[in-house]
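[1] Take a look and give me a structure for this.
(chains A, B, C and D)
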Protein chains: 2
Amino acid sequence: MSPATVSNAYNRPDQLSAELREQIFDTARRLGYAGPDAMARGLRRRRAGAIGVLYEDRLSYAFADPAAVLFLQGVSMATEDAGLGLLLLSGAPGAERDPEAVRGSVVDGFVVYSMSDGDPLVEAALERRLPAVVVDQPRIAGLPFIGIEDRESARSVAEHLIALGHRRFGVVSFAGSPDLFSGIADTARQEAAAYEVTRSRLRGYRSALEAAGVRWEDVPVYEHHESTTEAGRAAAEALLSRGPRPTTILCLSDQLALGAMEAVRSMGLSVPKDISVVGFDDVPEAARATPPLTTVRQPHVEKGALAGRILLARIREEDLPEPKLLPTRLVVRGSTAPPGDRF
Amino acid sequence: MSPATVSNAYNRPDQLSAELREQIFDTARRLGYAGPDAMARGLRRRRAGAIGVLYEDRLSYAFADPAAVLFLQGVSMATEDAGLGLLLLSGAPGAERDPEAVRGSVVDGFVVYSMSDGDPLVEAALERRLPAVVVDQPRIAGLPFIGIEDRESARSVAEHLIALGHRRFGVVSFAGSPDLFSGIADTARQEAAAYEVTRSRLRGYRSALEAAGVRWEDVPVYEHHESTTEAGRAAAEALLSRGPRPTTILCLSDQLALGAMEAVRSMGLSVPKDISVVGFDDVPEAARATPPLTTVRQPHVEKGALAGRILLARIREEDLPEPKLLPTRLVVRGSTAPPGDRF
DNA sequence: ACGTTTTACTTAATCGTTTCAGTAACGTAT
DNA sequence: ATACGTTACTGAAACGATTAAGTAAAACGT
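    You can find the predicted model right below:
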């Protein structure tokens, strides 16, 4: 029995008689043959049947981050339609990033999701010369990019607060660099950030505030290496205990903002009467919070779906129009109000 | 230059002189060689560097289900520690389940997460004779099983309501079979369920109620093929509009229960004063709801982590003690109270 | 009956590695 | 000077499929 015939039995039933096919399956069962080996088949056919998603942090953290989950949901919609699997790859936090998993991962292409400039994992992925798309960051010449106008979006939310009359600001930022730093980030550190998104949003705030005559140097930026409610809480507590106390806190993510609201409350103050709080992302939790959070909506699911579709097109060597930036929108809810006058 | 030497340059630096190694890397760069091909390497080494997770429904639905996300978080903790990727595989809803992706997926083992009896995807995975573990369902002889005491846990929450004095019950169930049925499920359908978990939990309710003298045939069970808040809402509305109106609604998941609470409120009734509602899972949202939801806690993350660890042990051919069922606990919160007497 | 197409298989090359078993060349102990 | 152990590399056989090309037999048209 030639291997070619066995292969045909599994892959091209029309190439052989039905009886021989049955006979082959019978003997396969008897011999404990489990059907064509996925890896050997992939090697010969030059396709892996899966796309890889690179995530900055631990996956366990991705699953705890609503924005990441929504994004993955979008990507999965695209891969599922194509009958592909979704391979999640991630880096350990901190420095010990081991690109081996990326080098050895059996995929047809990569989605790079929000990683830092010069990340070894990204470099390992690019070296493989597979089709790839980048989402949010880093910007890499020659690769399709899916993202939003971070700078403009951040500016719009800051302008909203300016319009309400606020002049004393505090900012809570997620990581600017993958060095696990937490604390007040001076302008030098802000500008040196390895995360494009962090840089852009801070610049957006800055331009809005400076346009209103607020000196950026006087605005404390508390950077926390995580983007969780706990981080937001800690950061906001730090900002609120320094003088002069800000009347509003700008947060780079909703998770941080939700934590900041907790901090405000735990200090006996009220949102938005005493302190206004804004976020960024418009995750579902933002609307459900009390008070509901003023934030910037960005289309997480669509971002994932678009990234998936563009990657698939690249893999199939179709060419899709170069993606443009996705739309965002300022969503004003109950967490912002004119500054109280009790200070 | 022999291929063996190139291979050694990448895999065993000690096998060749440092200068030749450098020279090889140089030429590799010049020729655009991206390093050892992942698939060929996997074929030769007999390892894929990833484990597959089989999910019943669309992945986009998995990412929307807090319990599934927590579970995946647990699995990812185990795979990450081992430097493996996590390959997510899923079925389309309804009948058109195409096992091709499962057959062709390049993985070292499978986690079967809460699938129906006789699912073609599960069968395809088992045919591959790779290491596998099953979580929640289906029970398959010879495979390690990770789950909880569904029947006993369901019984305990029903007993809690009995103890409060309730005698008129309504039940909201998620899918009993993968046929997309929604509506009142009679006992015949309940017993014929292809989902072990559905069967067990309903039996648990039943035994508690019958022990208190409530005829199970009089308890309407509304089955919805999805386990979402919308489904719970629709199901509860149906239950509350039939006579005699139940004083409490037992839900097979927290998502359903959260929806049921919405339904109660939208009918101008109050939880728990008019209607008590209970869930199952204790997802984070349950504690945050108003009123906070009485439910059964099960350790989703641990379940995932344990499944991952056991699968890894199987892959490495270590033998780990056969896993026992994980503990659950009745968590009484504000959504349950003695029945109101206004009916 | 003869040439031609179809059917049903088989042969052999290929995908890109890894790895075992060599084999020279060289330094070292006796 | 002989034997022996290292070091640095190469040859060739897997790993387990797919697939283009080839072949023998059967079916077909005239």
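[2] Could I get the phi/psi values of A:Phe63?
    Phi and psi for A:Phe63, reported as degrees, to the nearest 10, are phi -70, psi -20.
[3] Quick one: the helices in chain A, in order.
    For chain A, applying DSSP state H gives helices covering A:3-11, A:18-31, A:38-45, A:59-62, A:66-81, A:100-104, A:120-127, A:150-164, A:187-191, A:196-211, A:229-240, A:254-266, A:284-288, A:300-315.
[4] pLDDT averaged over the shortest one - what is it?
    By that I understand helix A:59-62. Averaging the model's pLDDT scores along helix A:59-62 yields 90.
[5] Report all helices and strands that that helix contacts.
    helix A:66-81, strand A:85-90, helix B:66-81 (3 or more CB pairs under 8 Å, 6 or more residues apart in numbering or on different chains; DSSP states H and E). C-beta coordinates here come from the backbone N, C-alpha and C atoms, glycine included.
[6] closest to DNA strand C out of the ones you listed?
    Nearest to DNA strand C, of all the helices and strands packed on helix A:59-62, is strand A:85-90, at 18.7 Å by CB to the nearest atom of the strand.
[7] Buried residues in stretch A:235-243, which are they?
    By 16 or more other CB atoms under 10 Å in any protein chain shown, the buried positions in stretch A:235-243 come out as A:Ala235, A:Ala236, A:Glu237, A:Ala238, A:Leu239, A:Leu240.
[8] related to what we said a few turns ago, out of the helices and strands packed on helix A:59-62, which gets nearest to B:His166?
    Closest approach to B:His166 among those is made by helix B:66-81 (25.6 Å; CB to CB).
[9] Tell me how many other residues surround A:Val53.
    Per other CB atoms under 10 Å in any protein chain shown, the neighbour tally for A:Val53 reads 30.
[10] Identify the residue nearest it in space, chain neighbours excluded?
    Nearest residue to A:Val53, sequence neighbours excluded (CB to CB, 6 or more residues apart in numbering or on different chains): A:Val111, at 4.7 Å.
[11] number of nearby residues for that neighbour?
    By the criterion of other CB under 10 Å, A:Val111 has 30 neighbours.
[12] Residue numbers of the stretch 101-250 of chain A in contact with chain B?
    Contact residues (CB under 8 Å from any CB of the partner chain) of the stretch 101-250 of chain A with chain B: A:Ala101, A:Arg103, A:Gly104, A:Ser105, A:Val106, A:Val107, A:Glu127, A:Arg128, A:Arg129.
[13] Derive a PyMOL selection command for the buried subset of those.
    Buried members of those, defined by 16+ other CB under 10 Å, are picked up in PyMOL with:
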select buried, chain A and resi 101+103+104+105+106+107+128
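[14] Out of the residues of the stretch 101-250 of chain A next to chain B, which is nearest to A:Ser156?
    Taking CB to CB as the measure, A:Ser156 lies nearest A:Val107 of those, at 37.2 Å.
[15] Please look at that closest one and A:Ala48 and confirm they touch.
    Yes. Counting by CB atoms under 8 Å, A:Val107 does reach A:Ala48; the two are 5.2 Å apart.
[16] mind putting the helices and strands packed on helix A:59-62 in a markdown table, distance to A:Ala307 and mean pLDDT included?
    Shown next, in a markdown table, are the helices and strands packed on helix A:59-62 (distance: least, CB to CB, whole Å; pLDDT from 0 to 100):
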| stretch | distance to A:Ala307 | mean pLDDT |
| --- | --- | --- |
| helix A:66-81 | 6 | 95 |
| strand A:85-90 | 12 | 94 |
| helix B:66-81 | 19 | 95 |
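[17] How is chain A partitioned into domains?
    The record's domain parsing of chain A by automatic domain parsing lists A:1-13+A:25-46, A:50-147+A:299-315, A:150-298.
[18] Just put those domains in a markdown table and tack on distance to B:Gly304.
    A markdown table is the format used below for the domains of chain A (distance: least, CB to CB, whole Å):
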| stretch | distance to B:Gly304 |
| --- | --- |
| domain A:1-13+A:25-46 | 24 |
| domain A:50-147+A:299-315 | 9 |
| domain A:150-298 | 20 |
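[19] Nearest to DNA strand C, out of those domains?
    Here domain A:1-13+A:25-46 is closest among those (CB to the nearest atom of the strand), at 3.3 Å.
[20] pLDDT of the closest one, averaged?
    93.
[21] And for stretch A:199-216?
    98.
[22] Tell me where the stretch 101-250 of chain A is predicted with low confidence.
    By pLDDT under 70, the stretch 101-250 of chain A has no low-scoring segment.
[23] Could you check how far the closest residue to DNA strand D within it is from B:Arg215?
    As assessed by CB to the nearest atom of the strand, DNA strand D sits closest to A:Val106 within the stretch 101-250 of chain A, at 13.5 Å. According to CB to CB, to the nearest Å, A:Val106 stands 56 Å off from B:Arg215.
[24] got it, and A:Thr5?
    The value you get for A:Thr5 to B:Arg215, if CB to CB is used, is 62 Å.
[25] Between the two, which is the more surrounded one?
    Under the criterion of other CB under 10 Å, the comparison of A:Thr5 against B:Arg215 puts A:Thr5 first, with 13 against 8.
[26] before we move on, back to that, please report how far the residue nearest to A:Val53 lies from chain B.
    The gap separating A:Val111 from chain B is 13 Å, by CB to the nearest CB, to the nearest Å.
[27] Please apply the same query to A:Thr247.
    According to CB to the nearest CB, A:Thr247 and chain B sit 28 Å apart.
[28] What of A:Leu320?
    From A:Leu320 over to chain B the distance is 21 Å, taken as CB to the nearest CB.
[29] can I assume that residue is in contact with A:Gly308?
    No. If you go by CB under 8 Å, A:Leu320 and A:Gly308 don't touch, sitting 11.5 Å apart.
[30] quick one, which of those two is more surrounded?
    A:Gly308 (29 against 14).
[31] ok, back up a step: which one among the residues of the stretch 101-250 of chain A next to chain B gets closest to A:Val271?
    For those, the nearest to A:Val271 is A:Ala101 (42.3 Å; CB to CB).
[32] which residues sit in contact with that closest one?
    Contacts were defined as CB atoms under 8 Å, 6 or more residues apart in numbering or on different chains; by that measure A:Ala101 touches A:Leu89, B:Gly49, B:Gly83, B:Leu84, B:Gly85.
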